[in-house]
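Asks: prediction below, plus the sequence it came from.
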Amino acid sequence: MKLAKIRLLHTKKMKNENENGYKLEIYVEKLYYDLGKLNVKRNVQYNIKKIFSKELIKKIQVDVQFFDLKGTNIVECKYLSSGAVNDDDVNKLRKNTEYLGNDNGILVTNKDFSENAVRLAGKYEIKLISGNELRKMDYDRSLFSYIQGKFGKRADLEKQLKGISLSKYSNEPVIKTKYVI
């Protein structure tokens, strides 16, 4: 009986973290859109195929993607209830950016990054955005947000995530095909 209850609690925690992960992706998508980035898309799935045989080599799922003066930016979002993002997540993003070309990698979390993740991200030129930096970006979103942040009470990140209704947003992937030799 106790083991079944522990499994149920673990399953419920995983479901909540998945939901919060989707909410973080939606939040980041809206944030980049409001910051004036171009062609902001969430849940983009790339099918990497060989050019002549059209054989599927790999599928890559991108949480958020946008364009700016630097080119294509690929954003990986990591929602954590505790702890810090580790170097495994940095490596995964690096490999995905390599498969997709010379795209810019950005790793976003609601918490922080481990020392190894920071070191590795610096080595591979991956931009890291912690929860504190997300809050700062939120204030830059618009003049109204800026004024509200300076003179009024602004909802913190967790409250904003909690306020996102998943039923209002599609989770169907935007499918793109990329051919390689």
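Replies: Nice, I can see it.
Asks: didn't residue 48 look like it was pressed against residue 61?
Replies: No: using C-beta atoms under 8 Å, residue 48 makes no contact with residue 61, being 11.8 Å away. In short, each C-beta sits where N, CA and C put it, glycine included.
Asks: contact partners for residue 119?
Replies: residue 87 (C-beta atoms under 8 Å, 6 or more residues apart in numbering).
Asks: going along the chain, name the helices of this structure.
Replies: Along the chain, counting by DSSP state H, helices occupy 2-34, 87-100, 115-124, 131-140, 143-151, 157-162.
Asks: any idea which of these scores lowest on pLDDT?
Replies: In terms of average pLDDT, helix 143-151 trails the rest of these, at a mean of 60.
Asks: now do residue 71 against residue 169, distance only.
Replies: Distance of residue 71 to residue 169, given as C-beta to C-beta, to the nearest Å: 26 Å.
Asks: more neighbours, those two?
Replies: residue 169 (16 against 10; other C-beta atoms under 10 Å).
Asks: skip the chain neighbours and tell me the closest residue to that one.
Replies: Distance criterion C-beta to C-beta, 6 or more residues apart in numbering; nearest residue to residue 169, sequence neighbours excluded, is residue 26 at 5.4 Å.
Asks: now for the one you found, how many residues are close by?
Replies: Residues lying near residue 26 (other C-beta under 10 Å) number 22.
Asks: what do you get for the one 10 residues further on?
Replies: By the other C-beta under 10 Å criterion, the neighbourhood of residue 36 contains 10 residues.
Asks: for stretch 117-134, how far is the first residue from the last?
Replies: Stretch 117-134 has an end-to-end distance of 18 Å (C-alpha to C-alpha, to the nearest Å).
Asks: so residue 42 makes contact with residue 29?
Replies: Yes: counting by C-beta under 8 Å, residue 42 touches residue 29, with 4.2 Å between them.
Asks: now do the shared contacts for the two.
Replies: residue 64.
Asks: and the gap between the most centrally placed residue in the chain and residue 48?
Replies: In the chain, the centroid-proximal residue (C-alpha atoms, centre = their mean) is residue 77; its distance is 2.2 Å. In this view, residue 77 and residue 48 are 21 Å apart by C-beta to C-beta.
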